[in-house]
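Peer 1: Provided below for reference: sequence and predicted model.
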Amino acid sequence: MSPFSLLYTALAYAAILVFIGGFLYRIWVYAKTPEPLVIVGTPGAKTSLGTAARLGMDVVFFTSLFKGNKAIWIGAYVFHGALCLIIFRHLRYIFEPLPEWFMYVQPIGIYAGLAALPALLYLWARRLLHERTRYISSFSDHFALLLLIAIVGTGLLMKFAVRTDVVAAKAFILGLVRLHPVPAPVDFWFLLHFTLVLVLLVYFPFSKLMHAGGIFFSPTRNQMDTPRSRRHVAPF
Amino acid sequence: MADIAVPELDGHIRIPLIHEGATAHYHTQVAGPEHQKPLGYPGELVDNWQEVAINKLGEILETNKALKVFMDICVKCGSCTDKCHYFLGTADPKNMPVARQDLLRKVYRRYFTLGGKLFPKLVGAEDLTEKVLDEWYTYYNQCSQCRRCSVFCPYGIDTAEFSMAARRIMGEIGKGNKYCNEIVNKVFTTGNNLGIPGPALEGTLEFLEEEVKEDTGVDVRFPMDEKGAEVLLITPSADFFSAPHVDSLVGYAKVFHQAGVSWTVSSYASEFANFGMFIGDFHAMRKIAQRIKDMAQDFGVKRVIVGECGHAWRVGHSFWNTLVGPWDFLDQRYPVPQHICEFTYDLVQRGAIKFDKSKNDHRVVTFHDSCNVARASSMGGFEGGQFEIPRALIRACCNHYVDMAEETIREKTYCCGGGGGLLTDDLIELRVQGTLPRAQALHQVMDSHGVNFLALICAICKAQFTKVLPYYGMDMEMVGGVHQLISDAIVLEANPEI
């Protein structure tokens, strides 16, 4: 392996480790921090099933955001929905062999990519142009959007505009996954795309992107509204 | 009335363009040593206040999951930016919930996150300077902790948690707010917020007995410190001495009379309100709650029933069991505590009390959901009971009832503008402006349905609206309690049979 490939492979592993370790560490901190009081937002569910349903609705449909602002909801929902489908399509680079049905459904990831880009641009435009949103934005808020725009943009470029050796790309990623690294393909657009993803992974646990995961620990959403009938005991 | 410009009401709630610094000069008085020390806080700003503040913030982050998670996961989507009544009423961008949170978050990022330590400018992190402390003091004392922002947040981030934490930190470094601290001290020393001594309370209750006897010809009792009563009534002390609050107290007494249930108030624990919550001080909150538990045990009552008070209902309903529970010495067939509305509702359901609804025919009533009842507690043991039960009570005793606009009631209700420990004349401009969304919604139903009575179940709402609605050209007499309506329509018998 060339020194470049060696270095790149090392960096890729480092990024993945930072992501997994950082994410788990943050979740562990959230999980272990005590909840002094019942502060569930009411009306809240009186059963654990109902509480799970409430939280689930917020996770899957962004119900609170829908209540709050339809203009943000549509951008956020299209983007997150598309992101799920894009990640799903990318499973083809991680698994081998692939089941036959996967071949029939995976093209949906392409349309998702086409939807994600305008959704991200719309959210960024809001951040730049909408007075109140601009006021509350700092550089890091723009950065997260720009990074995602660049990742989706380079992905779409490789699909529609520039030729990439996807077989070599897959071999490289499978090598990483199977802990038998093979040289990274020397392909500008692929390396750019993949590097940006590594940046995103490293950035993730240190940033507001922790809302994925963090939402499950929000006491106003995940507590049950039964403080009178079930005593909540807290150490303080 | 102070000279405060208010817009002409037209029934529409508008989102203003931002006006930087619009409320930067609104200040509530800083507590002096006499109001700091009894809470265990330093008398004045300590020399190493930055260090103490950062340590305290770190301690809260380690012991309060909500604050820790909320610090990290806000994505700055902007959903909350037009949800705060103080922003809508003042246009000051630091009254947007996320901007208010960021005053604390930027310090958190600077001292507790890698990004903030390395690249403060890029992630919106800032040193804790005197300027930042001033912003904290100004804007965390302009949050009524009403939780409306939290409803619309995709993650349920609650700005109240930030303002409670910030006030706690400020107390610990010697910069508490006088209004809240003084009231907490009064409860410690006299048993209630108003500082009413026992004999004065007794005199008031005797006077009320005579009044009701004169009005109705029925002997309705107002007992104090009677051991052996079945029910201990804990109610905000405003119910004893303020108008229109006292009319609701009369209502509770009539309901107890008609139900044939013996009850008493306590001169030692003559306060339901618990301002310990507003300043984020669990110890003060627990100490105030403990007084009530002690009396319940001392009197040997079977039940604790509480009067019309919003934030105190949150403390009672959601916190008492944690703070001073268990309450296993009480009759477990009833919830602890039980809200007077739950108690009365149960009687109405069973047909145990009757109303002459025509007594309220001169009124067209609307109901203002108080924030802490609507978004921080519940009633009746079913989801949304806190909305249905008070409305059911009003409908049971009034012929004319109408709701305000959907987006201004129930879980989306607007704060009265005086909650969260801001009910002080120091903040009168903020209070008047913060009422704007509620005033618009009220104006609309006054216009369309001739509403002339605003029914409430919160002592702060009652005091706030009586004071600020006149600025909008509304009559302070239109404000009153749900149990005031009950009181006016309940059919009393000399010796009711239950």
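Peer 2: Perfect, thanks for sending it. Numbers count the residues shown, from 1 in each chain, chains lettered A, B, ... in the order given.
Peer 1: From the contact counts, what lies against the helix or strand that contains residue A:79?
Peer 2: Residue A:79 is located in helix A:70-90, with elements delineated by DSSP states H and E. Helix A:70-90 sits against helix A:63-68, helix A:108-129, helix A:139-160, with contacts defined as 3 or more C-beta pairs under 8 Å, 6 or more residues apart in numbering or on different chains; DSSP states H and E. Glycine gets a C-beta too; all of them are placed from N, C-alpha and C.
Peer 1: Counting neighbours, which bits of the shortest one end up buried?
Peer 2: Taking 16 or more other C-beta atoms under 10 Å in any protein chain shown as the basis for neighbour counts, the residues of helix A:63-68 that come out buried are A:64-68.
Peer 1: quick revisit: show me what counts as buried in the helix holding residue A:79.
Peer 2: A:72-73, A:75-79, A:81-83, A:85-86, A:89.
Peer 1: low pLDDT regions in chain A?
Peer 2: Filtered on pLDDT under 70, chain A yields the residue ranges A:236.
Peer 1: Give me the helices and strands touching the longest helix seen in it, please.
Peer 2: Counting residues, the longest helix found in chain A (DSSP state H) is helix A:3-32. When contacts are defined as 3+ C-beta pairs under 8 Å, 6+ apart, helix A:3-32 packs onto helix A:166-177, helix A:188-203, helix A:211-214, helix B:65-73.
Peer 1: Using PDB, list the CA coordinates for the second one.
Peer 2: What follows is the C-alpha trace of helix A:188-203 in PDB, where atoms were taken according to Å, rounded to 0.1, in the frame of the first residue of the first chain:
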ATOM      1  CA  PHE A 188     -10.800  12.900  -6.800                       C
ATOM      2  CA  TRP A 189     -14.600  13.000  -6.500                       C
ATOM      3  CA  PHE A 190     -14.800   9.800  -4.600                       C
ATOM      4  CA  LEU A 191     -12.100  10.800  -2.200                       C
ATOM      5  CA  LEU A 192     -13.700  14.200  -1.700                       C
ATOM      6  CA  HIS A 193     -17.100  12.700  -1.000                       C
ATOM      7  CA  PHE A 194     -15.700  10.100   1.400                       C
ATOM      8  CA  THR A 195     -13.500  12.600   3.200                       C
ATOM      9  CA  LEU A 196     -16.400  14.900   3.800                       C
ATOM     10  CA  VAL A 197     -18.300  12.000   5.300                       C
ATOM     11  CA  LEU A 198     -15.300  11.300   7.600                       C
ATOM     12  CA  VAL A 199     -15.400  15.000   8.600                       C
ATOM     13  CA  LEU A 200     -19.100  14.700   9.400                       C
ATOM     14  CA  LEU A 201     -18.500  11.600  11.500                       C
ATOM     15  CA  VAL A 202     -15.800  13.300  13.500                       C
ATOM     16  CA  TYR A 203     -17.900  16.400  13.900                       C
END
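Peer 1: Check which helices and strands it is in contact with.
Peer 2: By 3+ C-beta pairs under 8 Å, 6+ apart, helix A:188-203 packs against helix A:3-32, helix A:139-160.
Peer 1: same deal with the shortest one?
Peer 2: Applying 3+ C-beta pairs under 8 Å, 6+ apart, we find helix A:211-214 packed against helix A:3-32, helix B:65-73.
Peer 1: Which positions in the first one come out as buried?
Peer 2: Across helix A:3-32, burial judged by 16+ other C-beta under 10 Å covers A:5, A:8-9, A:12, A:15, A:18-19, A:22-23, A:26-27, A:29-30.
Peer 1: Chain B: which of those residues is nearest?
Peer 2: residue A:30 (5.5 Å; C-beta to the nearest C-beta).
Peer 1: What ranges does the stretch 1-150 of chain B have for its helices?
Peer 2: B:33-36, B:49-63, B:65-73, B:85-90, B:97-112, B:114-118, B:130-140, B:148-152 (DSSP state H, counting those that start in this stretch).
Peer 1: Could you give the average pLDDT over the third one?
Peer 2: Helix B:65-73 carries an average pLDDT of 98.
Peer 1: Just want the angle from that helix to helix A:3-32.
Peer 2: Helix B:65-73 runs at 150 degrees relative to helix A:3-32, counting by axes from the mean of the first three to the mean of the last three C-alpha atoms, to 10 degrees.
Peer 1: Chain B - how does it break down into domains?
Peer 2: Using automatic domain parsing, the domain parsing of chain B gives B:33-183, B:191-402+B:451-489.
Peer 1: and of those, who's closest to residue A:233?
Peer 2: Nearest of these to residue A:233, taken as C-beta to C-beta: domain B:191-402+B:451-489 at 6.8 Å.
Peer 1: quick one: the closest one to chain centroid distance?
Peer 2: 13 Å (C-alpha atoms, centre = their mean, to the nearest Å).
Peer 1: Same question for stretch B:20-38.
Peer 2: Using C-alpha atoms, centre = their mean, the offset of stretch B:20-38 from its chain centre is 20 Å.
Peer 1: before we move on, the earlier item: distance to residue A:56 for the helices and strands packed on helix A:211-214 - can I get that in TSV?
Peer 2: Output for these, formatted as TSV (distance: least, C-beta to C-beta, whole Å):
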stretch	distance to residue A:56
helix A:3-32	18
helix B:65-73	17
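Peer 1: quick one: terminal-to-terminal distance for stretch B:264-278?
Peer 2: 28 Å (C-alpha to C-alpha, to the nearest Å).
Peer 1: go on, stretch B:307-322?
Peer 2: With C-alpha to C-alpha as the measure, stretch B:307-322 spans 20 Å from end to end.
Peer 1: re the thing from before, okay, angle between the helix holding residue A:79 and helix A:166-177 too, please.
Peer 2: Interaxial angle, helix A:70-90 versus helix A:166-177 (the same axes, to 10 degrees): 90 degrees.
Peer 1: residues making contact with helix A:70-90?
Peer 2: A:61-62, A:65-66, A:106-113, A:115-116, A:119-120, A:122-123, A:126, A:148, A:152, A:155, B:77-79, B:154 (C-beta atoms under 8 Å, 6 or more residues apart in numbering or on different chains).
Peer 1: C-terminal to it, what's the next element?
Peer 2: Following helix A:70-90 in sequence, per DSSP H and E, is helix A:100-105.
Peer 1: No further queries at this time; thank you.
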